[in-house]
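1. Take this sequence and fold it.
(chains A and B)
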Amino acid sequence: DPKIIQKPKYLVAVTGSEKILICEQYLGHNAMYWYRQSAKKPLEFMFSYSYQKLMDNQTASSRFQPQSSKKNHLDLQITALKPDDSATYFCASSQEGLGTLYFGAGTRLSVL
Amino acid sequence: QQQVRQSPQSLTVWEGETAILNCSYENSAFDYFPWYQQFPGEGPALLISILSVSDKKEDGRFTIFFNKREKKLSLHIADSQPGDSATYFCAASPGGYKVVFGSGTRLLVSP
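-> Numbers count the residues shown, from 1 in each chain, chains lettered A, B, ... in the order given. A predicted model of the protein is given here:
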């Protein structure tokens, strides 16, 4: 059974709309992350959270907002979607500060 | 600013050969270097890792060679198998909550 669940697996959205990408991890980790992968920038770091607190943010746009309702949840809300946002978004987790990341299978987002 | 560089971008080897994937970095604060393997449609998965206090790490057919002075490392895959065909990412971390990835090397092992 997958230990990091990402929903949905595929997502199609229209320009200007808003979507939420879901991530839940069952590895007992305290740190969670979002990465984005596209042809232009493979595995680009976006956010890191530890104990539901933001640790690092490398996303310039405020259109990307992580939401952590529980320790093992880190959703990603994306507003005012643009075609350039089309990518696969990976959620990951780790034991606090140990650097070894465990990735989910990703959500492939296409913005038309 | 690309902090972790990988070469080549793609590599083809014959089954049984040793594949050599290269990586270099800029930030002297990096002290942990994991390599991740990614198959199409899946998320990356940790393959092998090394700390900067070591110069070599082996795990079965996979070996990392690390040169701290030159800020370079390489992943050697001995006796390459068709099942090793994947994209390999070199990554680096100074500890804490950020891991920086290179752009990846796409490996194809031909039978």
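
2. Under the pLDDT cut-off, which ranges of chain A? List them.
-> When residues are selected by pLDDT under 70, those of chain A lie in A:97-99.

3. What is the neighbour count of the closest residue to chain B within it?
-> For chain A, the residue closest to chain B is A:Phe103, as judged by C-beta to the nearest C-beta, at 3.2 Å. Placement of C-beta: from N, CA and C, glycine included. Look at A:Phe103: counted by other C-beta atoms under 10 Å in any protein chain shown, it has 22 neighbours.

4. Model confidence for the residue nearest to it when sequence neighbours are not counted, exactly?
-> Of all residues not flanking A:Phe103 in the chain, B:Gly43 sits nearest, at 3.2 Å (C-beta to C-beta, 6 or more residues apart in numbering or on different chains). What the model reports as pLDDT for B:Gly43 is 94.

5. same thing with B:Gln9?
-> 95.

6. go on, B:Gln2?
-> pLDDT, B:Gln2: 63.

7. before we move on, the earlier item: quick one, what contacts the residue of chain A closest to chain B?
-> The contact partners of A:Phe103, by C-beta atoms under 8 Å, 6 or more residues apart in numbering or on different chains, come to A:Ile4, A:Tyr35, A:Phe90, A:Cys91, A:Ala92, B:Gly43, B:Pro44, B:Ala45.

8. ok, what's across the strand from it?
-> Beta-bridge partners recorded for A:Phe103 (DSSP bridges): A:Ala92.

9. Kindly report the same for the one 4 residues further on.
-> Beta-bridge partners recorded for A:Thr107 (DSSP bridges): A:Tyr89.

10. which residues sit in contact with it?
-> A:Gln6, A:Lys7, A:Pro8, A:Lys9, A:Tyr10, A:Leu11, A:Leu21, A:Thr88, A:Tyr89 are the contacts of A:Thr107 under C-beta under 8 Å, 6+ apart.
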